[in-house]
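In: sequence and predicted structure below; questions after.
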Amino acid sequence: MQSLWNDQEAAEFGTDLLGQRVYTSRLLGRDSALVLHGGGNTSVKVEEKDFFGEPVSLCYVKGSGWDLATIERGGFAPVKLDALFKMAELATMSDTDMVTQQRVAMTDPAAPTPSVEAILHGVLPFRFVDHTHADAIAALTCHADAEARVKEVYGDRVLVIPYVMPGFILAKTIYDLIKGRDLKAEGIVGMVLLQHGIFSFDDDAKKSYELMIELVTQAEDWLAAKSKAVAKSEVAVTEDLLGLAKLRKTVSKVRGFAQIAKLNASPEAVAYASRADIADVGTRGTLTPDHTIRTKRTPVVVGDDAEAAVLAYAEEYAAYFKRNAKAETMLDAAPRFALWNGKGIVSFGDSVKDAGIVADIAEHTAATIQLAEAVGRWTPLPEKDLFEIEYWELEQAKLRKGPARKVHQGKVALVTGCAAGIGFAIAESLAEQGAQVIGLDIDKDIPEIMKKIGGIGIVVNLTEDEPVQEAIEFVIREFGGLDVVVSNAGIFPKNEHLDQMKQGDWDRTILINLTSHQKLMHRVIPYVKQGIDASIIFVGSRNFKAPGPGASAYSCSKAALTQLCRVAALELAPDRVRVNIVHPDAVFDTKLWTPEALQRSAERYGMTVDEYKTKNLMKVEIKSKDIGNMVSAMASPLFSKVTGAQIPVDGGNDRVI
């Protein structure tokens, strides 16, 4: 482990104590072997003047919900030191009271809620206090002889604290331990919390940070000397994308809503998931107690029958809850990651970000457990202690603060022909409602276009078989499944009567507007059958019912597409896959309709442009976003019992009605 301190970079954060605290906090957060996704906390003690000009001693401690890698000045909560000491003197204190009193003691009510370790940071007699959940410390201390190991590595330079519940109990334990002692005179530079993490502290920001690097490096060196490198497995990797989609579907059902599934099929992940003893070593517990909030106590171990494994996991989780619960309400029983024999590690989450966080934790857990096993038996906290953290009131409160679920949260949506116009509006509406959107289009700019809505764009000619297959496989491999398919791609050839139309124009229109949709269905249906609230939506046209002269190829292709939708609805109904079609008309906010084209068309009808845009029965303008919102609704539970429907979005057309 190397110090990342840079004098020039440090100066950019200012020379004041809080500025230096922000800088070294970010240095810690940069290294995932020290801090993962909101883990760890830091503080600095300062002397300031309050609103009335009176001197006040404060402990600026990391605010709850902030990540050390990106923390700013506003991410630290200023808490009065005297209040923290008064709390430490109490014999007992509830978690709720602790949080309340810490907030009461803040000099800035707009600041974030202080870390649950604020009291502990306050009572440690050093200006800067750094706390991480370093992988090496977990490997060192998750062992029956953890205390002896720590003494061997550090001697008397660190305090060794047996595991106790974080928060007030931990703070009180340490306060009573150090009360009346001069830690500086004793040469104490840090503190190791067995099966939890490590602290370093000093009156100088750089020294406290570099002490952390030094202490963790000592643990790494000890582990390296005692172990042999973990060999990469020769296990053959067999890709099973349909199996991945089935696994995701089962986990989503147990969870109660759609989950993104992220597959890690690296040699290291496959090797770990395929260990002969993985059902034992992989399910003993978490790397650090706080990981239970993200990953639960254990992953699910999956062999040949993924569904059976997940359902058995859910039953065991219910039994685990029953063994340990007092008055708590059981959370969902779905696993947060799976160890899939021969395939790798699959992580689940409400969003790509959430699944990515779980994936990072799972990756570090796998590496650290194998290192710990190489130097002795991996022995994490028993289930009772992990249960207390998983169901800890303060940690559960963090989860409840999240935003309400969106309609398509966790769903994976594929939209074709979405570089502009109606297609883009559909992709945008689905993304706004929480779906992970993947757009396929022949437009070379589709990757950048989809970035605007947080989606992924792939340049694909939908008439070419292999690129389409590769794109679909990418979607499954990256997100675990496919729930919504919007088949929108199409062209509108120039108006020509049948006796004037070139055969090539007819053939190309049928190929793009009909055959490419059929080919897409052939490839996506196996995965959509494993989708969550699965839905296929075609984008048709008013022309299927009310064609016009000179539009034979377009009108016939849309009529045939409607028939394709009806057949698909009949075929997929037994699999609970809904198939519907939307028929837009007179949508003028697209690239096709330039101001000049609109003017010419309006004049042909003897209308102004505004009159022409609203020449439907309701006299309203139809915009691309109207179609997008309708498609998003059709893909939602609102239409959960609707299939084979043909829905016009045209403001009312007398020829259609």
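Out: The structure has been received and is ready for your questions. All values reported here derive from a predicted model rather than from experimental measurement. Numbering: from 1, shown residues only.

In: wait, doesn't residue 516 sit right on residue 491?
Out: No - the pair residue 516 / residue 491 is not scored as a contact, 10.3 Å apart, by CB atoms under 8 Å. Glycine gets a C-beta too; all of them are placed from N, C-alpha and C.

In: ok, these two, which is more surrounded?
Out: Applying other CB atoms under 10 Å to residue 516 and residue 491 shows that residue 516 carries more neighbours, namely 21 against 15.

In: so who does the residue nearest to the more buried one when sequence neighbours are not counted touch?
Out: Of all residues beyond its chain neighbours, the one nearest residue 516 is residue 462 (4.2 Å), with distances taken as CB to CB, 6 or more residues apart in numbering. Listed by CB atoms under 8 Å, 6 or more residues apart in numbering, the contact set of residue 462 reads 416, 417, 440, 442, 468, 489, 512, 516, 519, 520.

In: ditto for residue 184
Out: Per CB under 8 Å, 6+ apart, neighbours of residue 184: 125, 126.

In: repeat for the one 3 residues further on
Out: By CB under 8 Å, 6+ apart, residue 187 lies in contact with 156, 157.

In: phi, psi of it?
Out: phi 80, psi 20 (degrees, to the nearest 10).

In: and for the one 4 residues further on?
Out: Per-residue torsions, residue 191: phi -150, psi 130 (degrees, to the nearest 10).

In: which other residues reach stretch 610-627?
Out: Contact with stretch 610-627 is made by 421-422, 424-426, 428-429, 539, 582, 584-590, 598, 601-602, 605, 607, 649-654, 657, as judged by CB under 8 Å, 6+ apart.

In: what about the helices in the stretch 301-450 of the chain?
Out: 306-324, 352-374, 383-390, 393-400, 421-432, 446-451 (DSSP state H, counting those that start in this stretch).

In: next: the stretch 1-150 of the chain.
Out: Under DSSP H, counting those that start in this stretch, the stretch 1-150 of the chain gives helices at 7-11, 17-30, 81-89, 95-104, 118-123, 135-141, 146-154.

In: now those helices as JSON lines including mean neighbour count?
Out: Formatted as JSON lines, the helices of the stretch 1-150 of the chain follow (neighbours: other CB atoms under 10 Å):
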{"stretch": "helix 7-11", "mean neighbour count": "11"}
{"stretch": "helix 17-30", "mean neighbour count": "22"}
{"stretch": "helix 81-89", "mean neighbour count": "17"}
{"stretch": "helix 95-104", "mean neighbour count": "16"}
{"stretch": "helix 118-123", "mean neighbour count": "28"}
{"stretch": "helix 135-141", "mean neighbour count": "27"}
{"stretch": "helix 146-154", "mean neighbour count": "18"}
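
In: can you lay out the ones you listed as a markdown table showing mean pLDDT and distance to residue 560?
Out: Below are these laid out as a markdown table (pLDDT from 0 to 100; distance: least, CB to CB, whole Å):
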| stretch | mean pLDDT | distance to residue 560 |
| --- | --- | --- |
| helix 7-11 | 96 | 63 |
| helix 17-30 | 97 | 56 |
| helix 81-89 | 97 | 73 |
| helix 95-104 | 94 | 63 |
| helix 118-123 | 97 | 67 |
| helix 135-141 | 96 | 59 |
| helix 146-154 | 97 | 70 |
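
In: low pLDDT regions in the chain?
Out: Low-confidence segments of the chain, defined by pLDDT under 70: 228-234, 395-402.

In: and if we set it to 80?
Out: Residue ranges of the chain with pLDDT under 80: 38, 228-237, 393-403, 591-592.

In: only the C-alpha atoms, please, for stretch 405-418, written as CSV.
Out: Listed next in CSV are the C-alpha coordinates belonging to stretch 405-418 (Å, rounded to 0.1, in the frame of the first residue of the first chain):
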residue,chain,number,x,y,z
ARG,A,405,-39.2,3.3,-6.4
LYS,A,406,-39.9,4.3,-9.9
VAL,A,407,-42.3,2.4,-12.1
HIS,A,408,-39.6,0.6,-14.1
GLN,A,409,-36.8,0.6,-11.5
GLY,A,410,-34.6,-2.4,-12.0
LYS,A,411,-36.0,-3.3,-15.4
VAL,A,412,-33.9,-3.6,-18.6
ALA,A,413,-35.4,-2.1,-21.7
LEU,A,414,-34.3,-2.5,-25.3
VAL,A,415,-35.5,0.2,-27.8
THR,A,416,-34.7,0.1,-31.5
GLY,A,417,-34.5,3.1,-33.8
CYS,A,418,-34.1,5.6,-31.0
